[in-house]
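In: The following comprises the amino acid sequence and a computationally predicted model.
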Amino acid sequence: MQFTDEWLVHTIEPLLPDGTVAAIRQEPAPAPGSLWEILVQRKLAGDDQIVQALAKRFRIPVADLSRTDAKLQQTVPEQVARRFNVVPVRQTDSYLEVATANPFDIDAEKMLAFATGREVRMLLASPAMIRHRLDEMYRGEDAVNRLLEGLGGNFEVKELVEEEEEAAASAEEASQRPIIRLVDVMLADGVTSRASDIHVEPIEGGVVVRYRIDGVLRQVMKIPRNAGLPLISRIKIMSGLDIADRLRPQDGRARVSVNGEAVDLRVSTLPASLGEKVVIRILSQRATVLSLEALGMHQNEQEAIRNLLAFKEGILLVTGPTGSGKTTTLYSAIRLIQGEGVNIVTVEDPVEYRLGENIVQVQVHEKAGLTFASALRSILRQDPDVVLIGEIRDQETAQIALQASLTGHLVLSTLHTNDAPNAVTRLVDMGMEPYKIASALRGVVAQRLMRRLCLACRQAAADAVPERAARFIPAGTVLYQAIGCPECSQTGYRGRFSIMEVLTVNGEIERRIGQGATADQIAEAARQGGMRSLWESGLRHVLAGESTLDELLRVTDVPLETPRSPAPAPEAVPDARPGRGAPRAQAQAAPPPAPAAPPAGFPALDFMDLELVDEPGTPETGAPARPQGTKVLLVEDEEQLRRVMKDLLEREGYIVSEARDGVQALDQVDRHAPDIIVLDLNLPGLDGYSVLKQLRSRPATRGIPVMVLTAKGDEDNEVRVFELGADDFITKPFRARALSARLEAVLGRHRA
């Protein structure tokens, strides 16, 4: 008998009595088997015994499968994991750790590297443990199938005249006990998992259920079609919707009790090609504490909002994208000024939370003619002190809200803009006069929600800080990364908090708004008045260990220039090229001459960032000058392609040195000091991303231009390599003349 794991024989033979392996070989077998599994099955050796022997001989770490990252099932497809019998354990930006019983499976390593774009690191685990963990990670429909046993299997198959009729389920089917039980389990699980929304989405052959937890969607189950369609109908019946109408969007609501706690549900349906998609919004008042302290904002941000709420008239806006917590912030603000002597009226669509006594809440009903604008007209005739408008959507609502704020009412509302200064330009776009906005506006609060690190499993981050953010991180600061544990459902995060950009209108800002200033001019005046940006607000939480830098980069953008308001002292300053940083000591050694101050209201320009449109050329012909003795380092693991590229470049007059992996590339850089590097990304051992990081982190190699050559031509990959400091990006396959021209262009810009 030949074994599928012949490489094990020499390691295992010393653990067994003499002749054991030879005796097993003599046994007849229809196909090669696994020596490892045969020994464990016959109790000749244990899994732990074999794993320890392999780890000792080959110096390979043993995998800890009790702490695997459940999110990796989205990175490594199930068919790949099961085909090569590997379990993804951990991943970073540059490598992926997998548990395997065969660490010498080159095909598995290549496939995983290709599928994930990362270096693959092998860890040891037994075949039985790997199969068990795979079943847990990719269990798919098993948990659902156990709930659906009551559906039975005797079904009559008919040919339907219209295929779309299959997308419906009758009220009788939706009332079956297993379906009711399945909906109850789904809702209870969603509430206990802290989900804000439950998405039920039709797919080929079934229905997928996903929870939005802390702002991120996670797939929790797949339901077969014979249960998925009745499940959707059951949800529609609960929320008072028409189950026969599947061609129009519908909105409904329901109220359920989960473990004795009343929970409001907002249900929305949307017709799709494979059936109806249903989204259930979970509104739990016990889970939502309506106070500024509970939002997690800093003390100075709380004080700024309290000062804005002290006004007796004017308009206060909260801005941000959908799902950024604007309504919760407004409710928390209302709670601060709620009292017996204050007449507060709200107009909302929908009314999400009941705010209690002394507050009148009006639900918009457009079919009945009760819109934001018509409700506001009636509200203003009832002598309110404070008016809350759920959202300013159109010119008419904006006009009435602005007029109300100018006639002695405090108006609170939301607006969809990216930051606080752009709220002014948004109102102008709606047709509001700038002088009215200047008189009425008291402040704008822009906000986002960041996920809070799970304190039970967070760890100090080992990866390098991205260069675009490095200048904001003080030296010696300990940053943390998300790991995942049972406390946080393997996400690494638990809960969310707000980051704020609070713009308080002062005399200078009011003057600029009245003069029709741009958003940049308003932002400049606000920063001079002490406004902190969303980036600065979030950065303080990251530096305090409350969240991760990756989470901050997910919800907001890195400023293009260092903000003028007080911020953590940066350790690096921008290089001439965007996204590049240099040590502060080095930057101070040769400071550039200070440019003339721009006129008021105009952004400062960095002329180092401008490039000539024409390529450098010789004075006589204007054509690019041919390199004379220019040294090129060619880093490519495919020998045939490397040979072709070398012949091409040598015919062009370049001096070419070669490297076939990342470690050899760094060695060749030190040996030959090339003028330019052509770098492939998918390299064995140290990949191209890591090589690029190393080059840009070393003073001696920081200035060498790097041209990335890769088969991964997607936009995300292109953005990533430019953020790491690449000078050009060309995809395979390529034309010879294109490579030569791009090479000359990069060298020309570098010399210029």
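Out: Structure received.
In: ranges for the helices of the stretch 401-550 of the chain?
Out: Taking DSSP state H, counting those that start in this stretch as the criterion, the stretch 401-550 of the chain contains helices spanning 422-429, 434-440, 467-470, 507-514, 519-528, 534-543, 549-555.
In: Going by neighbour count, list what's buried in stretch 24-43.
Out: Taking 16 or more other Cβ atoms under 10 Å as the basis for neighbour counts, the residues of stretch 24-43 that come out buried are 24, 33-40. From N, CA and C alone the C-beta is placed, and that goes for glycine too.
In: Check for me that F729 belongs to a strand.
Out: Yes: under DSSP: H, G, I helix; E, B strand; the rest coil, F729 sits within a strand.
In: thought it was touching E718?
Out: Yes: with contact defined as Cβ atoms under 8 Å, F729 and E718 form a contacting pair (5.1 Å).
In: of those two, who's got more company?
Out: Neighbours of F729 and E718, each counted by other Cβ atoms under 10 Å, are more numerous for F729; the result is 19 against 16.
In: who does the more buried one bridge with?
Out: On the basis of DSSP bridges, F729 is bridged to V708.
In: so what's it up against?
Out: Residues near F729 by Cβ atoms under 8 Å, 6 or more residues apart in numbering: 707-708, 710, 718, 721-722.
In: rewinding a little: can you add distance to Q694, pLDDT and secondary structure and give the buried residues of stretch 24-43 back as JSON lines?
Out: What follows is the buried residues of stretch 24-43, written out as JSON lines (distance: Cβ to Cβ, whole Å; pLDDT from 0 to 100; DSSP: H, G, I helix; E, B strand; the rest coil):
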{"residue": "I24", "distance to Q694": "48", "pLDDT": "85", "secondary structure": "helix"}
{"residue": "G33", "distance to Q694": "45", "pLDDT": "79", "secondary structure": "strand"}
{"residue": "S34", "distance to Q694": "40", "pLDDT": "85", "secondary structure": "coil"}
{"residue": "L35", "distance to Q694": "41", "pLDDT": "85", "secondary structure": "helix"}
{"residue": "W36", "distance to Q694": "38", "pLDDT": "88", "secondary structure": "helix"}
{"residue": "E37", "distance to Q694": "42", "pLDDT": "86", "secondary structure": "helix"}
{"residue": "I38", "distance to Q694": "45", "pLDDT": "87", "secondary structure": "helix"}
{"residue": "L39", "distance to Q694": "44", "pLDDT": "88", "secondary structure": "helix"}
{"residue": "V40", "distance to Q694": "43", "pLDDT": "87", "secondary structure": "helix"}
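In: Where does the prediction get shaky in the stretch 201-350 of the chain?
Out: 285-290 (pLDDT under 70).
In: what comes up buried for stretch 529-544?
Out: For stretch 529-544, burial by neighbour count (16+ other Cβ under 10 Å) applies to 531-543.
In: same question, stretch 465-485
Out: Residues of stretch 465-485 classed as buried by neighbour count (16+ other Cβ under 10 Å): 465-473, 479-485.
In: Between the contacts of F729, identify the one with the most neighbours.
Out: Neighbour counts for the contacts of F729 (other Cβ under 10 Å) peak at V708, which has 26 neighbours.
In: Assess the claim that that one and E723 are in contact.
Out: No: between V708 and E723 no contact is recorded; they are 11.8 Å apart, counting by Cβ under 8 Å.
In: Endpoint to endpoint, stretch 208-228 covers what distance?
Out: One end of stretch 208-228 to the other measures 8 Å (Cα to Cα, to the nearest Å).
In: what do you get for stretch 372-387?
Out: End-to-end distance for stretch 372-387: 12 Å, by Cα to Cα.
In: Can you point out the helix or strand that includes the nearest residue to L112 once chain neighbours are set aside?
Out: By the measure of Cβ to Cβ, 6 or more residues apart in numbering, the closest residue to L112 outside its immediate chain neighbours is V120, 4.8 Å from it. Taking DSSP states H and E as the criterion, V120 maps to strand 119-124.
In: Name the next helix or strand following that strand along the chain.
Out: For strand 119-124, the succeeding helix or strand toward the C-terminus, using DSSP H and E, is helix 127-137.
In: Contacts for that next one, please.
Out: Defining contact as Cβ under 8 Å, 6+ apart, one finds that helix 127-137 is touched by 34, 36-37, 40, 47, 65, 68, 70, 72-73, 78, 81-82, 85-87, 99-101, 125, 142.
In: Tell me where the model's unsure across this structure.
Out: Checking the chain against pLDDT under 70 turns up 1, 29-31, 70, 139-176, 285-290, 356, 561-628.
In: Spatially central residue in it, please.
Out: If you average the C-alpha coordinates of the chain and look for the closest C-alpha using Cα atoms, centre = their mean, you land on R554, 5.0 Å from that point.
In: how near is it to Y493?
Out: Counting by Cβ to Cβ, to the nearest Å, the separation of R554 from Y493 is 11 Å.
In: How about Q521?
Out: 38 Å.
In: between those two, which one's more packed in?
Out: Y493 (23 against 19).
In: Touching, the more buried one and C457? I think so.
Out: No: proximity of Y493 to C457 does not meet the contact threshold set by Cβ under 8 Å, at 10.0 Å.
In: what's the overlap in contacts for those two?
Out: Counting by Cβ under 8 Å, 6+ apart, the shared contacts of Y493 and C457 are A482.
In: circling back to that earlier point, state the pair within the buried residues of stretch 465-485 that is farthest apart.
Out: Looking at the buried residues of stretch 465-485 by Cβ to Cβ, the two members farthest from one another are R471 and C485, with 32.8 Å of separation.
In: first to last residue in stretch 465-482, what's the distance?
Out: 15 Å.
In: Could you give the separation of it from the chain centroid?
Out: Centroid separation for stretch 465-482 versus its chain: 18 Å, with Cα atoms, centre = their mean, to the nearest Å.
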